[in-house]
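1. Let's see this in three dimensions:
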Amino acid sequence: MSQQKTEKLSNMDAMIWKLEESTGLVTVVGLLEFDEIPDINNIKMIVEDRLLRHDRFKQKIVLKRGVLTWLEDELFNIDAHIHRIGLPMPCDNSALQEVISHLMSQPIDQTKPLWQLHVIENPLTEKATFLARLHHSIGDGISLIKVLFSLTHLTPELSLEPFPEVEKKVEKQKTFIEETTQRFEEAMGVGENILKEAQNILSNKPDNLLDKLKSGLSSTLEVGKMLGNKPEAAKLYKGKASVMKRVAWSRAFDLKKVKAIRKASGATINEIMLAALTGAVRNHMLHHGLMIREDFPIAIPVSLHDEKSMMSMEVELANKIGALPLQLPVKEYDYDKILKIIHERSEEMKNSPLPLATYGIANAVGGILPKEIQNTVAEVLGDKIMASVSNVPGPQIPLYCAGCKVEDIMFWIPQTRSIGMGIGVISYNGKVRMGITTDEAIVSDPEYITSEFEDELAQMYEEICGEA
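-> Alright, predicted model coming up:
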């Protein structure tokens, strides 16, 4: 009998694994909207060829001699991970929202490899939605979004071919992964300076565990001091969590209009998205009768993958991510002022070692401290943060998966116990959308925020560009 392949979880992966609970699942969800219902055999073929080439998708997590370990699942069966669902009546966007919300509230079976794919078929439109649920312990957002993109390609024919042959046919082309990863740094709010600073800090990090803990806890206190007291917004976005999560997403907004705002204002696309979110959150707070007395604190995930990995077409399945805190100026109404404030605060944060501090804390404590203490550290980091916000630029050309055209792409990041909302913005093929995850018992109307986000972008375009 051949020996099963095993691998110890990294400290960060272990911390993420231990933090999951019924009211705070750590699952990243990605969506591809197809223009037709795919052949399920084609789906299985590309999954076997492009997903299962990574050992992680055939492994489960076990406790081996007291150590969390990735272990190959001897009973692995692809049919246990790919499911077909019929969209219930009235087969519209609200029905799809309910199905995705329900799936996002369900934990992934921990006795099997930690992923699930769902093909949600619409019998009225004869179209389908491809939903991927991937456990965060497998990798961070950069890794898992790359995984989702790896299931697609540039033509219907190439999207059905085995992976090696695909690569030979497009070796002279700039592929969609290269197009995407070139903009990952800017999209995640991380520039060259912070990437180099991160590498310098990592190369000089202390080997002594006590030094790591002291440095990490000191940085945590500094974050807390910078953010000040728990904001008034906590009354609306924090509370006792439930098992039921809700998702919503905005309608598509023309990316050309966003680029027009960028040209007219001098702001980056990331800053424009944050400005629209600022207005959306402000309006949501006012809608619920909350007084606007202070700024709105968010965390922006920052990739700490090295430059080679960031630019590579290959998927590095690892959790290498820190976080930058940013205060959204929700008291402001003037778009020029909002963009200016966000720009100044973003520039200040780009030169901060905080992403490495947050990563270092988790990496230092993840493998050695009990779950209760890890929960405390997570709450210190997340107690004053109202939302985690990611902005990812997708390919600006049509993609195909399993022979079907991908009409749209969306993703949702987890809403955990310590963070009020998970917000993701993604652009694809000339359109941009925002998706949000909330806890039903705390924020039951996430669609209000997505609707306001749409309106804010439209108003910003009208005011800054002078066009309706």
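2. Now do the contacts for the spatially most central residue of the chain.
-> By Cα atoms, centre = their mean, the mean C-alpha position of the chain lies nearest to I413, the distance being 4.1 Å. Applying Cβ atoms under 8 Å, 6 or more residues apart in numbering, one finds that I413 lies in contact with 28, 141, 301, 388, 390, 422-424, 437. Where C-beta positions appear, they are placed from N, C-alpha and C, glycine not excepted.
3. How about it, nearest residue that isn't a chain neighbour?
-> Leaving aside its sequence neighbours, I413 sits nearest to G422 (Cβ to Cβ, 6 or more residues apart in numbering; 4.0 Å).
4. Identify the residues contacting that neighbour.
-> With contact set as Cβ under 8 Å, 6+ apart, G422 has these partners: 387-388, 412-416, 436-438.
5. In these, find the pair that's most separated.
-> For those, with distances taken as Cβ to Cβ, the pair at the greatest spread is T416 and I436 (14.0 Å).
6. Tell me which of the two has more neighbours.
-> The neighbour count for T416 versus I436, taken as other Cβ atoms under 10 Å, is higher for I436 (28 against 23).
7. Can you list the buried residues in the host helix or strand of that one?
-> With elements delineated by DSSP states H and E, I436 resides in strand 431-439, which encompasses its position. Along strand 431-439, the positions that meet the burial threshold by neighbour count (16 or more other Cβ atoms under 10 Å) are 431-439.
8. Just after the one helix or strand S390 maps to, pick out the following helix or strand.
-> According to DSSP H and E, S390 maps onto strand 387-393. Note on strand 387-393: by DSSP H and E, the next helix or strand toward the C-terminus is strand 399-401.
9. Mind checking the pLDDT average for that next one?
-> Averaging the model's pLDDT scores along strand 399-401 yields 95.
10. so how far is whichever helix or strand comes after that strand off the chain centroid?
-> Using DSSP H and E, the helix or strand that follows strand 399-401 towards the C-terminus is strand 404-412. The gap between the average C-alpha position of strand 404-412 and the chain average comes to 15 Å, counting by Cα atoms, centre = their mean, to the nearest Å.
11. picking up where we left off before, okay, the contacts of G422 in TSV with pLDDT and distance to D336 next?
-> Written out in TSV, the entries for those read as follows (pLDDT from 0 to 100; distance: Cβ to Cβ, whole Å):
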residue	pLDDT	distance to D336
A387	90	24
S388	88	27
W412	91	31
I413	85	30
P414	83	34
Q415	76	32
T416	71	34
I436	96	26
T437	94	31
T438	94	30
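12. Tabulate those (a markdown table), appending distance to V147.
-> As requested, these are exported to a markdown table (distance: Cβ to Cβ, whole Å):
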| residue | distance to V147 |
| --- | --- |
| A387 | 24 |
| S388 | 20 |
| W412 | 15 |
| I413 | 15 |
| P414 | 16 |
| Q415 | 21 |
| T416 | 21 |
| I436 | 22 |
| T437 | 19 |
| T438 | 25 |
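13. now, which of the residues you listed sits nearest M285?
-> Of all the contacts of G422, the one sitting nearest M285 is A387; the distance, using Cβ to Cβ, is 12.2 Å.
14. what's H54 sitting at in phi/psi?
-> The phi and psi values for H54, taken as degrees, to the nearest 10, are phi -90, psi 120.
15. Please tell me how far it sits from I78.
-> 14 Å (Cβ to Cβ, to the nearest Å).
16. what does P123 give?
-> Distance of P123 to I78, given as Cβ to Cβ: 25 Å.
17. gap between the nearest residue to D35 once chain neighbours are set aside and V302?
-> Ranked by Cβ to Cβ, 6+ apart and with sequence neighbours excluded, the top spatial neighbour of D35 is K405, at 4.4 Å. Look at K405 and V302: by Cβ to Cβ, they are 33 Å apart.
18. neighbour count winner among these two?
-> For K405 and V302, the more surrounded residue by other Cβ under 10 Å is V302, and the numbers stand at 26 against 18.
19. can you pull the contacts of D445?
-> Applying Cβ under 8 Å, 6+ apart, the residues contacting D445 are H284.
20. Buried by neighbour count: which residues of stretch 448-467 qualify?
-> Quick answer for stretch 448-467 (16+ other Cβ under 10 Å): 448-454, 456-457, 460-461, 464.
21. export these to CSV and tack on secondary structure and distance to I321?
-> Compiled in CSV, the buried residues of stretch 448-467 are given as follows (DSSP: H, G, I helix; E, B strand; the rest coil; distance: Cβ to Cβ, whole Å):
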residue, secondary structure, distance to I321
Y448, helix, 29
I449, helix, 24
T450, helix, 25
S451, helix, 30
E452, helix, 28
F453, helix, 24
E454, helix, 28
E456, helix, 27
L457, helix, 27
M460, helix, 29
Y461, helix, 32
I464, helix, 32
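22. Any chance of those in CSV with distance to D336 and pLDDT as columns?
-> Listed next are the buried residues of stretch 448-467 as CSV, based on distance: Cβ to Cβ, whole Å; pLDDT from 0 to 100:
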residue, distance to D336, pLDDT
Y448, 26, 97
I449, 23, 97
T450, 24, 97
S451, 24, 97
E452, 19, 97
F453, 19, 97
E454, 21, 96
E456, 14, 97
L457, 15, 97
M460, 10, 97
Y461, 13, 96
I464, 8, 95
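23. between those, which is closest to L151?
-> If you rank the buried residues of stretch 448-467 by distance to L151 using Cβ to Cβ, T450 comes first, at 25.7 Å.
24. Which residues are in contact with that closest one?
-> Applying Cβ under 8 Å, 6+ apart as the definition, the contact partners of T450 turn out to be 248-250, 280, 434-436.
25. hmm, 7 Å instead?
-> 248-250, 434, 436 (Cβ atoms under 7 Å, 6 or more residues apart in numbering).
26. tell me the pLDDT at M349?
-> On the pLDDT scale, M349 gets 72.
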